[in-house]
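sequence first, then the predicted structure, then my questions.
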Amino acid sequence: MIDNFSIALTHGLLLIAAWRLVHRDDLDVEAPPERDQKPEGFLKRPPRDGSRPDA
């Protein structure tokens with residue numbers, strides 16, 4: 001009897017926590033990223049001097 005009660009209690013608390021998380025208003029709101037001042041794109045050529053821009 002105690003085992004069934006403890007399992008039901010813990011699962012019920014997890015269900016309440018999940019229910020509260022799913023119904024939060026701020027979960028689906030995300031600010032758009034800032035625009036680049038100078039767009040570089042994916043096809044940017046590496047510098048000719050051999051240095052790496054990301055190093």
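Structure's in. What do you need?

so where do the strands sit in the chain?
Along the chain, counting by DSSP state E, no stretch forms strands.

quick one, helices of it?
Using DSSP state H, the helices of the chain run over residues 2-22.

low-confidence ranges, the chain, go.
41, 43-48, 50-55 (pLDDT under 70).

how about a cut-off of 80?
Low-confidence segments of the chain (pLDDT under 80): 1-2, 26-30, 36, 38-55.

burial count for residue 22?
When neighbours are counted by other C-beta atoms under 10 Å, residue 22 registers 8. Where you see a C-beta, it was placed from the backbone N, CA and C, and this is true even at glycine.

could you measure from residue 1 over to residue 7?
Separation of residue 1 from residue 7 (C-beta to C-beta, to the nearest Å): 11 Å.

who's more crowded, these two?
residue 7 (10 against 5).

quick one: that one and residue 20, what's the gap?
21 Å.

and what of residue 3?
For residue 3 relative to residue 20 (C-beta to C-beta), the value is 27 Å.

same deal with residue 10?
Distance from residue 10 to residue 20, by C-beta to C-beta: 16 Å.

how about residue 40?
Taking C-beta to C-beta, one finds residue 40 at 42 Å from residue 20.

cool, residue 33 as well?
Going from residue 33 to residue 20 by C-beta to C-beta gives 29 Å.

who's more crowded, those two?
In this view residue 33 and residue 20 are compared by other C-beta under 10 Å, and residue 20 has more residues nearby, 9 against 6.

and the more buried one, what does it touch?
Not one residue lies near residue 20 by C-beta atoms under 8 Å, 6 or more residues apart in numbering.

what are the buried residues along stretch 13-24?
Within stretch 13-24, no residue is scored as buried using 16 or more other C-beta atoms under 10 Å.

got the CA coordinates for it in CSV?
Extracted in CSV, the C-alpha atoms of stretch 13-24 (Å, rounded to 0.1, in the frame of the first residue of the first chain):
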residue,chain,number,x,y,z
LEU,A,13,4.0,15.9,-8.4
LEU,A,14,5.9,15.4,-11.7
LEU,A,15,2.6,15.8,-13.6
ILE,A,16,1.8,19.0,-11.8
ALA,A,17,5.4,20.4,-12.5
ALA,A,18,5.2,19.4,-16.2
TRP,A,19,1.7,21.0,-16.5
ARG,A,20,2.9,24.3,-15.0
LEU,A,21,6.0,24.3,-17.3
VAL,A,22,4.0,23.6,-20.4
HIS,A,23,1.5,26.4,-19.8
ARG,A,24,4.0,29.2,-19.2
